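[1] Sequence and predicted structure are below.
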Amino acid sequence: MQVETFLELSAQRFPDKTALVCGNRRLTYSQIEEQCNRFAHALMAEGVERCDRVAVYLDNSVEAVISIFSSLKAGAVFLMVNPTTKVEKLTYILNDCRAKALITHAKKLQAIKNCWGQTPHLRIIVVAGTDTADMNNTDKRFVFLDQCLHQRPLLSQPPTKKCIDIDLAALIYTSGSTGKPKGVMMTHLNIVSAATSITTYLENTPDDIIVNVLPLSFDYGLYQALMGFKIGGTVVLERDFTYPYAVIEKIIREKVTGFPIVPTISAILLRMDLRKYDFSSLRYLTNTAAALPTDHISKLRKLFPHVKIYSMYGLTECKRVSYLPPDQIDIRPTSVGKGMPNEEVYIVDEQGRRAGPGIVGELVVRGANVMKGYWEMPEETERVLRPGPLPGEKVLYTGDLFRMDEEGYLYFVGRKDDIIKTRGEKVSPKEVENVLYSLEGVAEAAVFGVPDEVLGQAIKAVIALREGAYLAQEDVLRHCAQHLEDFMVPKYVEFRDTLPKTATGKISKRELAVHT
Amino acid sequence: MNQIDKELRRFVIDNFLFGQDDTHFSDEDSFVDQGIIDSTGMLELVAFLEQQYRIKIEDEELIPDNLDSINNLVKFIEKKLHAPL
């Protein structure tokens, strides 16, 4: 089965049902299916072929959802780029995967035009919106999305399928410890397997109405759209959670049944006065990315007594690892549960042997949801995908340390490397340090995570300046905001005369973290 | 530029743009479109408005029409300040 089949089957079963609500727009399954078919034909006419990469650089929107399914229908591999990504990193990603097409919005063109001259493989720019101001002075071919969607009345049938389920469907870029983002390769089979397991334990039905306020560039957000279409439900897509009350009103009005959150959203919900709202339609809340603080869990339980709360854990490399059955949340609130259906998880000790209860070790994941590897990074891939029990099989070494209780429930202990998990996203300290070192006046910089009730970890930067240099905290933060995605900008900046060193002369983050 | 406009612009620049306006956002620009304010930022902005102008902002007033640009904010605050108690 291919991922675009989620949409195609639901369009056959429920042609007139509302599939997507976004802003003031409501689209039925058959409307989306037709638009995606037209856009897929248009992409193919422009030269997009099987397994070509198509980058989607859009805010959460109808266009973003249509871009995903259209790319798949054209046989291409889609990648969602966080809409707050700056031009340098966008250029890196486009070149890393040699994307042939980029789908973006007219209002973003001005900010990214510097990448046109540096992306030789990129040929087609599909533009949502109508502003033509920034479409010249380049050898790229610009195409209006609107024209693709509306001017091909005869091409509303799906293109002939070219992919099989072990072909790539998506690349999902994630932070690597080297500072360079890595493209996680997900096949159709990987995504279909993960989506099947998740919708099974969430007990989703076509009656579910799922609200998504998370960016579609974040796999947790992306899967809400994919799974919503898979089950034939309705997806209520919000751009973000900036106006929480407006989102809550929408949840009530649309009779939302499923609300995926991260701890930041839970913290905001608990600061709001929600007593006057009737949440009787809400069936479940899910949390992942970082553990919910236990006092959040008990307050959410009071606020939404009839709602099932799923604590979950996962990583992009296999999408999801585990979930805690909702009836366990009061019994073991700090556990992230057990492996999901059709997946095996176990803990190995330092010698690589399976560890029993109470022993801390690295969590290993085995299942059809495990990625194919990192795009064109064989060494990095070999480090995490290692031989499994069957010949040729690979299992995923997560780099996360866990222990298991007597009944087999998992508890997160920490990371093996220094990757920071903040707001649910992984941040490579190296990537932030590279940006800090590019700031005039910075002699030494170290970036690490500090515990934070809401963010999971908050990013802290400690900096030593060159002699005679002067920089204020604002200068550092502004520089970071110009070069990094929003979630990578440090929350704390501290200046010191020098940074502590290890015996080999490296900056000692361990010492910094202790004396912070 | 009136007083409220100036104060708001200063607050947004100091708190969300780290003290320097490189984006040169106009009075009409949407904070969200420009990536200036996110959900936690919005709560900080509301706390600032309540304190600075001694107004009480109701939940249902927390919408883009009232908050999502300097112009919208100025209109909203002036309306609140002149509302009969």
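    Nice, I can see it. In this text, all values refer to a predicted model and were calculated from it rather than measured experimentally. Residues are numbered from 1 along each chain as shown, chains lettered A, B, ... in the order given.

[2] host element of A:Ile125?
    In this structure, A:Ile125 is located in strand A:124-128 according to DSSP states H and E.

[3] no no, A:Val143
    If you go by DSSP H and E, A:Val143 is part of strand A:141-144.

[4] hey, where'd the strands end up in the stretch 351-500 of chain A?
    Ranges of strands in the stretch 351-500 of chain A, per DSSP state E, counting those that start in this stretch, are A:361-366, A:373-374, A:385-387, A:394-404, A:410-415, A:420-422, A:425-427, A:442-452, A:456-465, A:492-496.

[5] Give the buried residues for the fifth one.
    Read that as strand A:410-415. A:Leu410, A:Tyr411, A:Phe412, A:Arg415 (16 or more other Cβ atoms under 10 Å in any protein chain shown). Every C-beta, even on glycine, is put in place using the N, C-alpha and C of the backbone.

[6] wouldn't the third one be in contact with A:Val336 here?
    Yes - in this structure, A:Phe412 is within contact of A:Val336 by Cβ atoms under 8 Å, at 6.0 Å.

[7] Can you pull the residues that touch both of those two?
    A:Ala291, A:Tyr313 (Cβ atoms under 8 Å, 6 or more residues apart in numbering or on different chains).

[8] for A:Thr381, what are its contacts?
    A:Thr381 neighbours (Cβ under 8 Å, 6+ apart): A:Gly373, A:Tyr374.

[9] which neighbours does the strand holding A:Val143 have in its sheet, and in what orientation?
    The strands beside strand A:141-144 in its sheet (DSSP bridges) come out as strand A:124-128 (parallel).

[10] ok, back up a step: export the buried residues of strand A:410-415 as JSON lines, with columns for distance to chain B and pLDDT.
    Converted to JSON lines, the buried residues of strand A:410-415 look like this (distance: Cβ to the nearest Cβ, whole Å; pLDDT from 0 to 100):
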{"residue": "A:Leu410", "distance to chain B": "30", "pLDDT": "95"}
{"residue": "A:Tyr411", "distance to chain B": "28", "pLDDT": "93"}
{"residue": "A:Phe412", "distance to chain B": "24", "pLDDT": "87"}
{"residue": "A:Arg415", "distance to chain B": "24", "pLDDT": "77"}
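
[11] Spell out which parts of the stretch 351-500 of chain A neighbour chain B.
    A:Glu474, A:Asp475, A:Leu477, A:Arg478, A:Ala481, A:Gln482, A:Asp486 (Cβ under 8 Å from any Cβ of the partner chain).

[12] Contacts only, for the last one.
    Contact partners of A:Asp486, counting by Cβ under 8 Å, 6+ apart, are A:Thr84, B:Gly35, B:Asp38.

[13] swap in the third one?
    Taking Cβ under 8 Å, 6+ apart as the contact definition, A:Leu477 lies against A:Val489, A:Pro490, A:Val493, B:Phe18.

[14] who wins for most neighbours among those?
    Neighbour tally across the contacts of A:Leu477 (other Cβ atoms under 10 Å in any protein chain shown): the maximum, 26 neighbours, falls on A:Pro490.

[15] all helices of the stretch 301-450 of chain A, in order?
    With DSSP state H, counting those that start in this stretch as the criterion, the stretch 301-450 of chain A has helices at A:378-384, A:429-437.

[16] weakest of those helices in terms of mean pLDDT?
    Lowest mean pLDDT within the helices of the stretch 301-450 of chain A: helix A:429-437, a mean of 91.

[17] what's the spacing between it and its chain's center?
    For helix A:429-437, the separation from the chain centroid amounts to 21 Å (computed by Cα atoms, centre = their mean, to the nearest Å).

[18] now do stretch B:13-26
    13 Å.

[19] What does the pLDDT read for B:Thr23?
    Per-residue confidence (pLDDT) for B:Thr23: 64.

[20] before we move on, what about B:Pro84?
    Reported pLDDT for B:Pro84: 64.

[21] One more: A:Leu109?
    So, for A:Leu109, pLDDT stands at 90.

[22] And the one 5 residues further on, by the same measure?
    A:Asn114 carries a pLDDT value of 90.

[23] Just give me the neighbour total for it.
    11.

[24] just to revisit the earlier point, quick one: the strands of the stretch 351-500 of chain A as a markdown table, columns for distance to A:Leu72 too.
    Output for the strands of the stretch 351-500 of chain A, formatted as a markdown table (distance: least, Cβ to Cβ, whole Å):
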| stretch | distance to A:Leu72 |
| --- | --- |
| strand A:361-366 | 25 |
| strand A:373-374 | 20 |
| strand A:385-387 | 24 |
| strand A:394-404 | 24 |
| strand A:410-415 | 33 |
| strand A:420-422 | 29 |
| strand A:425-427 | 24 |
| strand A:442-452 | 35 |
| strand A:456-465 | 32 |
| strand A:492-496 | 41 |
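
[25] For A:Ala513, which of those is the nearest?
    Among these, the nearest to A:Ala513 by Cβ to Cβ is strand A:442-452 (5.4 Å).

[26] So which bits of chain B are right by chain A?
    Counting by Cβ under 8 Å from any Cβ, chain B sits next to chain A at B:17-20, B:22, B:32-33, B:35, B:37-43, B:59-60, B:62-64, B:67.

[27] Would you show me how to pick out the buried ones of these in ChimeraX?
    Buried members of the residues of chain B next to chain A, defined by 16+ other Cβ under 10 Å, are picked up in ChimeraX with:
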select /B:17,18,32,35,37,38,39,40,41,42,43,59,62,64,67
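
[28] Of the residues of chain B next to chain A, which belong to helices?
    Residues of these located in helices (DSSP state H): B:Ser39, B:Thr40, B:Gly41, B:Met42, B:Leu43, B:Pro64, B:Leu67.

[29] Pick the one among the residues you listed closest to A:Cys115.
    Distance to A:Cys115 across those (Cβ to Cβ) is lowest for B:Gly41, with 27.6 Å.

[30] Right, I'll call it a day here.
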